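Peer 1: Here is a sequence with its predicted model. Questions after.
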2 protein chains.
Amino acid sequence: MSFSEHFPIYSKLSAREQEILSSSAVLRTASRGTLIHNGALDCLGLILVRSGQLRAYFTSDEGKEITLYRLFDRDICMLTASCVMSSIQFEIMITAEKDTQFWIVPPYVYKKLMEQSAVVANYTNELMATRLTDVMWVMEQVLWKSFDRRLAQFLLQEQEVEGTSVLKLTHEVIASHLGTAREVVTRMLKYFQTEGIVRLTRGTVELTDLAGLQRLESP
Amino acid sequence: MSFSEHFPIYSKLSAREQEILSSSAVLRTASRGTLIHNGALDCLGLILVRSGQLRAYFTSDEGKEITLYRLFDRDICMLTASCVMSSIQFEIMITAEKDTQFWIVPPYVYKKLMEQSAVVANYTNELMATRLTDVMWVMEQVLWKSFDRRLAQFLLQEQEVEGTSVLKLTHEVIASHLGTAREVVTRMLKYFQTEGIVRLTRGTVELTDLAGLQRLESP
C-alpha cells in the first residue's frame, strides 16, 4: 500500500499538491518501544501510520504519564508538527506500542500546503478537532469517573485492541496509561481478582469475567 | 468599535468575504450569569467578544463543572459552532461572567467561508490549537498539581482579572471552576486563612498575602 492510498484526502488534492506530498513523505520504521516524538525537542512533521500502533501521551515534571490517544493504520497525527502552528503550546510524546511503519511529511512541506490549500487546511481542522475530542474524553474520565470504572474500561479496550483476554501488561504500564501510581493499580487489580474478574500472574492480566468488567465500566 | 476592527484576520480577507462576514454577524448582549451556549443543544455559531467576559466549562453527568478557558475582548470561540465540524464530539457550556457584548457569526456562514478560504481555514486551525492548548493546560493542573497549588493559582488569576484583592466568590463558585467539591474548597481556604494568606467573609475571599500565594503557586 502506498502513501497515496493511505492519505485520506489525497484524491481531493491537485496533481501538483499530490506530487509535493508523495515526493516528500518518508517511510520510516520504529520497533516496539521506540520513542519517536519527544515533546518540544522535536518537530518531526505530520505522521501517517501505515501499519502498527503508536501511543501519544503526556508527562508530568516528575515523569508520570497519561495516554491521550492511539494511532492505528491510516491514522494521522499533526501535533508532531507543532512547530508549524504557533498556537500549539504543549508537549506530547509518542512511542511505538508495536513494530510500526509510518510516513512522515516534513513540517514545512505540510505548512506550505496548508497555507495554500483550503482543502488541506480544513482537513487539518478536522484532525485538530479529533485530537481535542480525544483529550476532552480523557479529561472527562480523569475528572469524573471513579478509578475502578476507568480501569475496567481500559482493560476492555486493551482486550479489543489486542484481540485476546490475556493481556501482557505490567501494573507500571497500566499506571502510565491512566495517569496514576503503580500502587493504585495493584490495589485495584487485586480487588478485581478477589471478585473473580481478572487473574493476575507476573506480567499479565487475564480477563476472566468480561460481563463483570462491562458492568463496572457502565454501572 | 465595529466588527471589522475586532475580527483578527479581517484585513486579510477579500472584499466579498468581508462583506459576507460583516453583514451576517449579529451583535448580542448577555447580562452577567446568562447561559449563552448549552453543549450539544446549541450550535450558536462563532463568537467574537466585543466587551465583557465569558467562561467556557464542561460538566459531568452529575452537574459538576470545571472551567476550560475564558474569553475577553477580541477573543474568538468557534467550539460554539461545533455543528460545522463533524470531528468535534464533546460539549461545552458558556456563560457570561460579566455583562458581555459579542458578535455571532452564523455557523453555516462561517463554514462556507472556511471551506472556500485557506486564510480563514488556517486561522480556524490556530483557534483550535489555542483551545487544545487551554484544555491540555487544565488537564495538566488536574492531573499533576496538588490542590493547594491549583487554588493559589486560581486566586492569583482572579485577582489579576478583577484588579482587586477582595474577590467576590463563593466556595461553590470556586469549586465549579476547579472541578472539585465545595467542601474541598472550604477546607483548603480555611487552611489558607490559618496561614494568614486569605481572610474569609461571607461571599468574599480577601487575599492578604500575595507573596505567600505565589510561593504556594510555584513551590
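Peer 2: Noted; the coordinates are in hand. Numbers count the residues shown, from 1 in each chain, chains lettered A, B, ... in the order given.
Peer 1: quick one, domains of chain A?
Peer 2: Per the record, chain A has its domains at A:3-142, A:145-217, by automatic domain parsing.
Peer 1: Quick check: which of those is nearest to B:L210?
Peer 2: Between B:L210 and the domains of chain A, the tightest spacing by Cβ to Cβ is seen for domain A:3-142, at 24.3 Å. Heads up, the C-betas are built off the backbone N, CA and C, glycines and all.
Peer 1: Any idea how far apart the tips of the closest one sit?
Peer 2: Length of domain A:3-142, first residue to last, Cα to Cα, to the nearest Å: 36 Å.
Peer 1: Wait, a helix at A:T67?
Peer 2: No - A:T67 is assigned strand when assessed by DSSP: H, G, I helix; E, B strand; the rest coil, not a helix.
Peer 1: tell me, how many neighbours does it end up with?
Peer 2: 17 (other Cβ atoms under 10 Å in any protein chain shown).
Peer 1: Report pLDDT for the closest residue to it other than its chain neighbours.
Peer 2: Counting by Cβ to Cβ, 6 or more residues apart in numbering or on different chains, A:T67 lies nearest to A:H177, which is 4.3 Å off, once chain neighbours are set aside. pLDDT, A:H177: 92.
Peer 1: Which helix or strand lies directly C-terminal to the one helix or strand A:H177 maps to?
Peer 2: In the assignment (DSSP states H and E), A:H177 maps to helix A:171-178. Downstream of helix A:171-178, the first helix or strand assigned by DSSP H and E is helix A:182-194.
Peer 1: Is that following helix in proximity to chain B?
Peer 2: No - applying Cβ under 8 Å from any Cβ of the partner chain, one finds helix A:182-194 out of contact with chain B, separated by at least 13.2 Å.
Peer 1: Which parts of that helix count as buried, going by neighbours?
Peer 2: Neighbour counts using 16 or more other Cβ atoms under 10 Å in any protein chain shown place A:185, A:188-189, A:192 of helix A:182-194 among the buried residues.
Peer 1: Could you dump the residues you listed into TSV and include pLDDT?
Peer 2: Shown next, in TSV, are these (pLDDT from 0 to 100):
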residue	pLDDT
A:V185	91
A:M188	90
A:L189	93
A:F192	91
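Peer 1: quick one: the strands in chain A?
Peer 2: For chain A, the strands defined by DSSP state E cover A:26-30, A:35-38, A:46-51, A:54-59, A:65-71, A:76-77, A:93-96, A:100-105, A:166-168, A:198-201, A:204-207.
Peer 1: From chain B, how far off is A:S31?
Peer 2: Noted for A:S31: a distance of 29 Å to chain B, by Cβ to the nearest Cβ, to the nearest Å.
Peer 1: that older thread, the residue nearest to A:T67: what's it in contact with?
Peer 2: Taking Cβ atoms under 8 Å, 6 or more residues apart in numbering or on different chains, we find A:H177 in contact with A:57, A:65-67, A:154.
Peer 1: So the longest helix along chain A, near chain B or not?
Peer 2: Taking DSSP state H as the criterion, chain A has its longest helix at helix A:118-144. Yes - judged by Cβ under 8 Å from any Cβ, helix A:118-144 and chain B are in contact via A:118, A:121-122, A:124-133, A:135-140, A:142-144.
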